[in-house]
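Enquirer: all I have is the shape, not the residue letters:
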Ligand code: KG4
Ligand code: ZN
């Protein structure tokens, strides 16, 4: 089954063609990063306007690269929520129109579920349920127990900033460009992670996350140190504090709920130290379970292949419910 995926929830205009939820035939992303660098972050109105001229050429390129026409597509999956409402509207309006004209099944996808299904892309073996997934991005941060396709339970989420958002804000304090996660990660490679002591909020406390205290502590430290501040050491110490909390909670949840696999997903899952620390903790735990993260870094950050993949599994659950076209409305929240 060939699904055309469309993703416009934030600042990437993306379209992809995926076969049976796993084989990526094309994955096109028009990034707005250069535009948002000028303002140090995403301005919603600017992002939405930029999607408009990009969306049709991006879809056209995804179809061409996959070597198919729109007539050969079996269904269209589109990010419906959560995200910036005006950005989401560009994707959903386009998908509604294409599905209505082409009489195709139209499958609404939750962006976070999309990130989760990024771990199925290019996969050659079988994923075992139940699994514990840490979805960590700029806009969201959840710990999700998945017992089967469609059987998802959010155990915890952030009470304030998401991990990626904290990376972006601290990067900005250090004068690094947007998006800050990859910049901090690069800078941290030459830094000493033990140099500055930073808080690990709620590390042993439930499954919710909180990163605003860490962000404030980092801000205070930057001010106190002034000229003396070692940027690489600060980046390494900050990254360690975030990854320590994320990996500790993921492992604790996996143990408590007897997960067969642990997964990282979302933009921050591209972070090398997070992968390393999670692996280290898994080894130390003695748990004999699988560990996955997206096979390519483009599947970590926002893309449409993950939306097409999620669309395939959503469709399989109840094909009859997609038999007739229904209008999809964009929703900003979870
Ligand atoms: O999933 P994503 O593309 O967008 C949202 O759904 O929010 O995630 C983007 C976030 C940004 O905050 C970015 O700084 C962060 O992911 N990110 C990273 C890395 N690569 C991207 N954070 C830490 N380390 C990285 N290597
Ligand atoms: Zn995302």
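Expert: Noted; the coordinates are in hand. These figures come from a predicted structure and were not determined experimentally. Residues are numbered from 1 along each chain as shown. Ligands and ions are numbered 1, 2, ... in the order given.
Enquirer: contacts and neighbour counts: CA atoms only from here.
Expert: Noted.
Enquirer: quick one: residue 310 and residue 180, what's the gap?
Expert: Using C-alpha to C-alpha, to the nearest Å, we find residue 310 at a distance of 28 Å from residue 180.
Enquirer: so which of those two has more stuff around it?
Expert: residue 310 (36 against 25; other C-alpha atoms under 10 Å).
Enquirer: show me how far the host helix or strand of the more buried one is from its chain's centre.
Expert: Applying DSSP states H and E as the criterion places residue 310 in helix 305-317. Centroid separation for helix 305-317 versus its chain: 16 Å, with C-alpha atoms, centre = their mean, to the nearest Å.
Enquirer: other SSEs contacting it?
Expert: With contacts taken as 3 or more C-alpha pairs under 8 Å, 6 or more residues apart in numbering; DSSP states H and E, helix 305-317 sits against strand 2-7, strand 12-19, strand 23-31, strand 75-81, strand 106-110, helix 111-117.
Enquirer: with respect to ligand 1, which of the ones you listed lies nearest?
Expert: helix 111-117 (7.2 Å; C-alpha to the nearest ligand atom).
Enquirer: thought residue 184 was touching residue 169?
Expert: No. Residue 184 is beyond contact range of residue 169, at 10.5 Å (criterion: C-alpha atoms under 8 Å).
Enquirer: which one of the two has more residues nearby?
Expert: When residue 184 is set against residue 169 and neighbours are counted by other C-alpha under 10 Å, the residue ahead is residue 184, at 26 against 22.
Enquirer: hang on, the more buried one in a helix?
Expert: Yes. Assignment of residue 184 by DSSP: H, G, I helix; E, B strand; the rest coil places it within a helix.
Enquirer: residue 327 belongs to a helix?
Expert: No. Using three-state DSSP, the assignment for residue 327 is coil, not a helix.
Enquirer: find me the pLDDT at the nearest residue to it once chain neighbours are set aside, would you?
Expert: Excluding its sequence neighbours, the residue lying closest to residue 327 (C-alpha to C-alpha, 6 or more residues apart in numbering) is residue 96, at 6.2 Å. At residue 96, the predicted lDDT confidence score is 97.
Enquirer: what is the neighbour count of residue 96?
Expert: Neighbour tally, residue 96, other C-alpha under 10 Å: 23.
Enquirer: before we move on, back to that, could the helices and strands packed on helix 305-317 be laid out in CSV, adding mean neighbour count, mean pLDDT and distance to residue 152?
Expert: Listed next are those as CSV, based on neighbours: other C-alpha atoms under 10 Å; pLDDT from 0 to 100; distance: least, C-alpha to C-alpha, whole Å:
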stretch, mean neighbour count, mean pLDDT, distance to residue 152
strand 2-7, 30, 98, 21
strand 12-19, 29, 97, 23
strand 23-31, 20, 97, 23
strand 75-81, 28, 98, 16
strand 106-110, 25, 98, 12
helix 111-117, 26, 97, 9
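Enquirer: nearest to residue 232, of the ones you listed?
Expert: strand 23-31 (27.5 Å; C-alpha to C-alpha).
Enquirer: is whatever helix or strand comes next after the closest one up against ligand 1 anywhere?
Expert: Of the helices and strands lying after strand 23-31 in sequence (DSSP H and E), the nearest is helix 33-37. No. Judged by C-alpha under 6 Å from any ligand atom, helix 33-37 makes no contact with ligand 1; its nearest approach is 10.8 Å.
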